[in-house]
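Participant: Here is a sequence together with a model predicted from it:
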Amino acid sequence: MIWDLCLQKTLRQGHSRFDVDLAFRSSAQRVVLFGPSGAGKTLTLKMVAGILAPDRGRIAVAGRVLLDSERGIHSSAQQRHLAYMFQDYALFPHLTVRQNVAFAVRRGLRNPAKDEAHEDVDRWLASFGLEAVAGHYPHQVSGGQRQRTALARALVSRPAALLLDEPFAALDKGLRQRLRDELKDLQAELQLPLLLITHDDDDVRHLAQDVVCLDAGRTVACNAALQSR
Ligand SMILES: Nc1ncnc2c1ncn2[C@@H]1O[C@H](COP(=O)(O)OP(=O)(O)OP(=O)(O)O)[C@@H](O)[C@H]1O
């Protein structure tokens, strides 16, 4: 089993509340989380990443138990060692492409120096074709290059799994297609478990080995979710 999730969480904001109560298991490496806006996809990813604590539940990824509230297991986000990529990539605007990638492997609390040598950083800059823009700042590179920088930053720390929240949402169709293929090749090469959120049917068709459909905080039959679109 690669993904084994059972999560319960109640969120309250003023008078409104949102309940997550879901469970899914999958032996596929590439799983897509699919569902309408507000279904609870990002919340689910955050709970897997360890940046939001469920009220109760169990999370195991590739046989590693990251959380089991019954057994008192609550590993921190750092201990989980999963890479999480946000919808807007969340690059640091004051750091160059190279420094952004190196940030994930920095020693201590200081930002990495602009020209600090690091073999893994160079490897990922090269494999994503970012060498020419390594000294540029995020606002000086294209959307695709920003996306690749964020992906390189996620991968450079050699995570145990990759969690991506709508990684291609800000890109045009051509670029989206290209980066989707690159991601698929990369995942296959590294054999990295991948949990990806998308709204795009093409992402589902091309990337998903398994699809988990969410609606109102629960897992639902995927046929129903696809038909209601
Ligand atoms: N901190 C919070 N407190 C209260 N409610 C929240 C909180 N964060 C999210 N929610 C609510 O939980 C629901 C699910 O949010 P979530 O971000 O997981 O949706 P999503 O499926 O990722 O949507 P989208 O596709 O639009 O990104 C939403 O109704 C949202 O308003």
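Facilitator: Thanks, I have it.
Participant: rest of the way, CA atoms for contacts and neighbours
Facilitator: Fine.
Participant: Quick check: the gap between the residue lying closest to Ser76 once chain neighbours are set aside and Pro36.
Facilitator: Once flanking residues are discounted, Ser76 sits nearest to Gly50: 6.0 Å by CA to CA, 6 or more residues apart in numbering. The gap separating Gly50 from Pro36 is 23 Å, by CA to CA, to the nearest Å.
Participant: The two: which has the busier surroundings?
Facilitator: For Gly50 and Pro36, the more surrounded residue by other CA atoms under 10 Å is Gly50, and the numbers stand at 23 against 17.
Participant: Do I have it right that the more buried one meets Arg80?
Facilitator: Yes. Between Gly50 and Arg80 there is a contact under CA atoms under 8 Å: 7.4 Å.
Participant: contacting residues for the residue nearest to Ser76?
Facilitator: For Gly50, the contact set (CA atoms under 8 Å, 6 or more residues apart in numbering) comprises 75-77, 80.
Participant: Columns neighbour count and secondary structure on top of those, output as TSV?
Facilitator: Shown next, in TSV, are these (neighbours: other CA atoms under 10 Å; DSSP: H, G, I helix; E, B strand; the rest coil):
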residue	neighbour count	secondary structure
Ser75	14	coil
Ser76	14	coil
Ala77	18	helix
Arg80	20	helix
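Participant: Also near the ligand: which of those, exactly?
Facilitator: Checking these against the ligand by CA under 6 Å from any ligand atom, not one of them is in range.
Participant: Tell me the one among those residues nearest to Tyr89.
Facilitator: Ala77 (18.1 Å; CA to CA).
Participant: Which secondary structure state is assigned to Asp122?
Facilitator: Judged by DSSP: H, G, I helix; E, B strand; the rest coil, the three-state class of Asp122 is helix.
Participant: For this structure, just list every one of the helices.
Facilitator: Using DSSP state H, the helices of the chain run over residues 41-49, 77-80, 97-103, 119-127, 143-156, 173-190, 201-207, 222-227.
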